[in-house]
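Peer 1: One predicted model, sequence on top.
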Amino acid sequence: MKSTLGWSWCAAFGSILLLAGAARAAIKTETVTYKEGQVEAQSFLAYDDSATGRRPGVLVVPEWWGLNDYPKMRARMLAQLGYVAMAVDVYGEGETTADPKQAEKWVAPLEAGDRAELRARINAALAKLKSDPHVDPARTAAIGYCFGGATVLELARSGAAVNGVVSFHGHYDTGAPARPGAVKARILVCHGADDPFTSQAQIAALEGEMRKARADWQFNIYGGAEHSFTNPNADAYHVAGIAYDAEADHRSWQAMKDFFREIFRQAPLPK
């Protein structure tokens, strides 16, 4: 009887410890406010508060819909991998929309000309991330989706001190191509082969730009994938050419994780 009771008590105590450990490892999220170019940004920070020491920081730049639940989900996923992730409020004041016309209205001035304001906003976000006490400012990256993919490419073109950028189904044109030797970041582009919003000429132009800039870059193409292939909610927007592709989503996320292990290899990494 004593043996049975003792085992039951130990099992119960062990369960309590496991639950306590899980609670300690819960992902913490918070809103961070700062000046980003001409706007007041309200970005979304996620990290594992049970981890100790500084760790790599990753910006997550959303699609043109703004800082909705999708980029926040990706920030939480990165935090679960051991990174400090900040989903970026590019428009300011936490603006979001599900209306393509409104999104286009917000994006148009940021993608016009030399994109100086867009570069100012994403560089301000990077500076904010680097200032976080949980982040090792020497180990940072940025990922972006659609408009966000274009944005992180502009971050790289600007010569920002960031280890790497990943563009998922992004846009590749620019009004200010990278200058030779100016790109410090390594670049990974994840592209859907059936994306109707990007032409072969734009892809060729990006490749030529990266060669001239002498950048460290790679371009992954996923067969059958359309635009927004990483977003499980893509079909809800009812836009032709936009569709979720689970296989391409999985493959591109794995490519990103491998890329991060490469660019952050000088220090112990999350799983």
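Peer 2: Received it, and whenever you're ready, just let me know what you need. Numbering: from 1, shown residues only.
Peer 1: What are the boundaries of the strands in the chain?
Peer 2: For the chain, the strands defined by DSSP state E cover 27-36, 39-48, 55-61, 84-87, 135-145, 164-168, 186-192, 217-222.
Peer 1: Residues contacting stretch 131-140, please?
Peer 2: 32, 45, 47, 51, 54-59, 84, 86, 126, 129-130, 161-163, 264, 266-267 (Cβ atoms under 8 Å, 6 or more residues apart in numbering). From N, CA and C alone the C-beta is placed, and that goes for glycine too.
Peer 1: I'd like to know which of the residues you listed are buried.
Peer 2: Buried residues within the contacts of stretch 131-140, counting neighbours by 16 or more other Cβ atoms under 10 Å: 32, 45, 47, 51, 54-59, 84, 86, 126, 129-130, 162-163, 264.
Peer 1: that older thread, do you know which of the strands of the chain lies nearest T230?
Peer 2: Nearest to T230, of all these, is strand 164-168, at 5.2 Å by Cβ to Cβ.
Peer 1: and that closest one, C-alpha only, in CSV?
Peer 2: Taking Å, rounded to 0.1, in the frame of the first residue of the first chain, the C-alpha atoms of strand 164-168 are listed here in CSV:
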residue,chain,number,x,y,z
GLY,A,164,19.7,37.7,-43.5
VAL,A,165,16.3,38.3,-45.1
VAL,A,166,13.6,35.8,-46.4
SER,A,167,11.0,36.8,-48.9
PHE,A,168,7.9,34.6,-49.1
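Peer 1: what sits against F168?
Peer 2: 143-146, 148-149, 190, 229-230, 252 are the contacts of F168 under Cβ under 8 Å, 6+ apart.
Peer 1: Can you dump the C-alpha atoms of stretch 84-100 in CSV for me?
Peer 2: This file holds the C-alpha atoms of stretch 84-100, laid out as CSV (Å, rounded to 0.1, in the frame of the first residue of the first chain):
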residue,chain,number,x,y,z
VAL,A,84,12.6,36.8,-30.4
ALA,A,85,10.1,37.8,-33.1
MET,A,86,8.5,41.2,-33.9
ALA,A,87,5.6,41.4,-36.3
VAL,A,88,5.9,44.8,-37.8
ASP,A,89,3.2,47.4,-38.0
VAL,A,90,4.3,49.0,-41.3
TYR,A,91,1.3,51.2,-41.8
GLY,A,92,1.2,52.6,-38.2
GLU,A,93,-1.5,52.8,-35.6
GLY,A,94,-2.1,49.0,-36.0
GLU,A,95,-4.0,49.5,-39.3
THR,A,96,-5.4,46.4,-41.0
THR,A,97,-7.8,45.7,-43.8
ALA,A,98,-9.4,42.9,-45.8
ASP,A,99,-10.2,45.2,-48.7
PRO,A,100,-7.7,45.0,-51.6
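Peer 1: isn't T198 right next to S167, touching?
Peer 2: No. Judged on Cβ atoms under 8 Å, T198 makes no contact with S167 at a distance of 10.8 Å.
Peer 1: quick one: the helices in this protein?
Peer 2: 2-24, 69-80, 100-111, 116-131, 147-157, 200-213, 246-263 (DSSP state H).
Peer 1: Out of these, which is the most enclosed?
Peer 2: helix 147-157 (a mean of 27; mean count of other Cβ atoms under 10 Å).
Peer 1: what's the angle between that helix and helix 100-111?
Peer 2: Angle between the axes of helix 147-157 and helix 100-111 is 10 degrees (criterion: axes from the mean of the first three to the mean of the last three Cα atoms, to 10 degrees).
Peer 1: Centre of the chain to helix 147-157, how far?
Peer 2: Helix 147-157 sits 11 Å away from the centroid of its parent chain (Cα atoms, centre = their mean, to the nearest Å).
Peer 1: What average pLDDT does it get?
Peer 2: For helix 147-157, mean pLDDT is 98.
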